[in-house]
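**Student:** Take a look and give me a structure for this.
(one chain, ligands or ions: 2)
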Amino acid sequence: MASTPSVPLLKDELDIVIPTIRNLDFLEMWRPFFEKYHLIIVQDGDPTKVIKVPEGFDYELYNRNDINRILGPKASCISFKDSACRCFGYMVSKKKYIYTIDDDCFVAKDPTGRDINALEQHIKNLLSPSSPFFFNTLYDPYREGADFVRGYPFSLREGVPTAVSHGLWLNIPDYDAPTQLVKPLERNTRYVDAVMTIPKGTLFPMCGMNLAFNREIIGPAMYFGLMGDGQPIGRYDDMWAGWCIKVICDHLGLGVKTGLPYIWHSKASNPFVNLKKEYKGIYWQEELIPFFQSATLPKDCTTVQKCYIELSKQVKAKLGKVDDYFIKLADAMVTWIEAWDELNPSAEKSTELPNGAAAAK
Ligand SMILES: O=c1ccn([C@@H]2O[C@H](COP(=O)(O)OP(=O)(O)O[C@H]3O[C@@H](CO)[C@H](O)[C@H]3O)[C@@H](O)[C@H]2O)c(=O)[nH]1
Ligand SMILES: [Mn+2]
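**Tutor:** Ligands and ions are numbered 1, 2, ... in the order given. Okay, here's the model as predicted:
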């Protein structure tokens, strides 16, 4: 059994956000690690369905009726019938940190057979600096038993604040539909004991299944886009958010880490359903990636909100010709920020970050 700290780390500063269309029995397995934290459950699909939450958990639950009531017309920016709806939980939270996990992700075991307290590892990742400006070949230098290696500039060893901690998955890996179809039996059995900072200027495919972030310094950019019902695309919610946050983190001098912790992803979603959701994204992304790779933000974008609004303008100007969907998405990005600022009025003030950048309070 993994050690569970007597007073859980960041107990009153972190919310756990779970998007769901099913009962939350999976929480029984996470009870030792999650029970002391507040949960924000975003119920997708039919709002009349009753979602059962195991006894003893402190939670708030929002269904589509709640989202419409709280946001009014701005609810149009929150996806329906897609796990992208989870970002509503980020918006209504009042905490400094968020951990989001899918309801088919269970506690994994490390090579010694101990249960992995994924939340504890994400918190460690978020509370220690990142090193995006120079790659450390011994991976995360701030971990127990590691350090900066010879030749690593001392001027860079203080690192920068970590905005995102991206965890991985044993058993069912987060494959796209074509890969799922050609490798239906493939399981991820490889436990890699590493956490690393994704270098500045490098994008990555962010998966929302096992993800934590500092809501105060990057939350407003964690919009999971327009997916699901009525939209031409799905399963690119977390990817879109990951590309936006990485461009903004690079601009503001913030870090993104990937690697530990692992969760056990218990089931594969239907590859044929996934292919229908993904297929446009598979060819669109050949234009989206060059857009994000070349995206630059002006110096006066010193808060996440300013960066995000500027990015939405560039999306509209440069991706509108790929498909009208991106014009709609650019508008939804603005609506998201308006809704965020409405629900988080103090968010418009900002505190200075290193390099003159600023983060939302
Ligand atoms: O319409 C829906 C479908 C599902 N959910 C909830 O979202 C998560 C993920 O659902 P599921 O595990 O069935 O799907 P995966 O393909 O494994 O999800 C991964 O692909 C990404 C697609 O966006 C996603 O970020 C990954 O997690 C569960 O909690 C479902 O209950 C939903 O809310 N609405
Ligand atoms: Mn899943």
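**Student:** alpha carbons only for contacts and neighbour counts from here, please
**Tutor:** Noted.
**Student:** what packs against the helix or strand encompassing Gln293?
**Tutor:** Per DSSP states H and E, Gln293 falls inside helix 271-294. Packing partners of helix 271-294 (3 or more Cα pairs under 8 Å, 6 or more residues apart in numbering; DSSP states H and E): helix 177-182, helix 237-252, helix 304-319.
**Student:** can we see that at 7 Å?
**Tutor:** Using 3 or more Cα pairs under 7 Å, 6 or more residues apart in numbering; DSSP states H and E as the contact test, the elements touching helix 271-294 are helix 177-182.
**Student:** what's the average pLDDT for the next helix or strand after the helix it packs on?
**Tutor:** Per DSSP H and E, the first helix or strand lying C-terminal to helix 177-182 is strand 195-197. Strand 195-197 comes out with an average pLDDT of 98.
**Student:** Do you have the helices of the protein handy? List them.
**Tutor:** For the chain, applying DSSP state H gives helices covering 27-34, 64-71, 87-92, 118-127, 177-182, 215-218, 237-252, 271-294, 304-319, 325-343.
**Student:** Looking at these, which is nearest to ligand 1?
**Tutor:** Of all these, helix 237-252 sits nearest to ligand 1, with 5.4 Å by Cα to the nearest ligand atom.
**Student:** by how many degrees do the closest one and helix 304-319 diverge?
**Tutor:** Orientation of helix 237-252 against helix 304-319 (axes from the mean of the first three to the mean of the last three Cα atoms, to 10 degrees) gives an angle of 120 degrees.
**Student:** Begin at 674 from now on, thanks
**Tutor:** I'll keep to 674 as the first residue from here, and by that count the last item is helix 910-925.
**Student:** Can you pull out the residues in contact with helix 910-925?
**Tutor:** The contact list for helix 910-925, computed with Cα atoms under 7 Å, 6 or more residues apart in numbering, reads 757, 873-874, 876-881, 894-898, 900, 928, 965, 970, 980, 1030.
**Student:** The same query, at a cut-off of 8 Å, please.
**Tutor:** With contact meaning Cα atoms under 8 Å, 6 or more residues apart in numbering, helix 910-925 is reached by 756-757, 836, 873-881, 891, 894-900, 928-929, 965-966, 968-970, 975, 977, 980-981, 984, 1026, 1028, 1030-1031.
**Student:** distance between it and the chain's centre?
**Tutor:** Mean-position distance between helix 910-925 and its chain equals 10 Å (Cα atoms, centre = their mean, to the nearest Å).
**Student:** Minimum distance to Ala867: which of the helices of the chain has it?
**Tutor:** Minimum separation from Ala867 across the helices of the chain (Cα to Cα) falls at helix 791-800, 11.1 Å.
**Student:** Can you list the buried residues in the closest one?
**Tutor:** Across helix 791-800, burial judged by 16 or more other Cα atoms under 10 Å covers 791-796, 798-799.
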